[in-house]
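Novice: this one's sequence-less:
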């Protein structure tokens with residue numbers, strides 16, 4: 001299960017993401033600038049949903065323990081170049 005809590009309303013937005021799976025629980029601090037949020041979603045979904053979809057994407061590619069503890073959402077594209085192209089598919093699942 002992925003729980004996303006927004007912890008900052010200013011730019012960049014900040015989130016605490018908690019992942020709970022059978023293997024245990026991990027926590028992650030994530031930032032998302034307003035510009036990146038608009039680029040990724042066009043403002044059509046909430047920022048919380050955008051982060052949730054990003055973690056769904058990540059968890060299909062790596063175990064929760066491999067996800068960085070603190071990062072900006074743009075870092076995902078450095079590790080997975082298809083992130084921005086694939087994200088809309090995960091947003092549709094929410």
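Specialist: Noted; the coordinates are in hand. These figures come from a predicted structure and were not determined experimentally.

Novice: Quick check: residue 43 vs residue 36, distance?
Specialist: 12 Å (C-beta to C-beta, to the nearest Å). Backbone N, C-alpha and C define where each C-beta goes, glycine included.

Novice: of the two, who's got more company?
Specialist: Taking other C-beta atoms under 10 Å, residue 43 and residue 36 do not tie; residue 36 has more neighbours (18 against 11).

Novice: Now do the helix or strand containing that one: distance to the chain's middle.
Specialist: Using DSSP states H and E, residue 36 sits in helix 34-41. In terms of C-alpha atoms, centre = their mean, to the nearest Å, the centre of helix 34-41 is set 12 Å apart from its chain centre.

Novice: Helix or strand next in line after it, which one?
Specialist: Counting by DSSP H and E, what follows helix 34-41 is helix 47-59.

Novice: Buried residues in that following helix, which are they?
Specialist: 47, 48, 50, 51, 52, 53, 54, 55, 56, 57, 58 (16 or more other C-beta atoms under 10 Å).

Novice: Help me confirm that the last one comes into contact with residue 67.
Specialist: It stands for residue 58. Yes. With contacts counted by C-beta atoms under 8 Å, residue 58 reaches residue 67, the gap being 5.6 Å.

Novice: Stretch 14-32 - what's its average pLDDT?
Specialist: Stretch 14-32 carries an average pLDDT of 96.

Novice: Sounds good, over and out.
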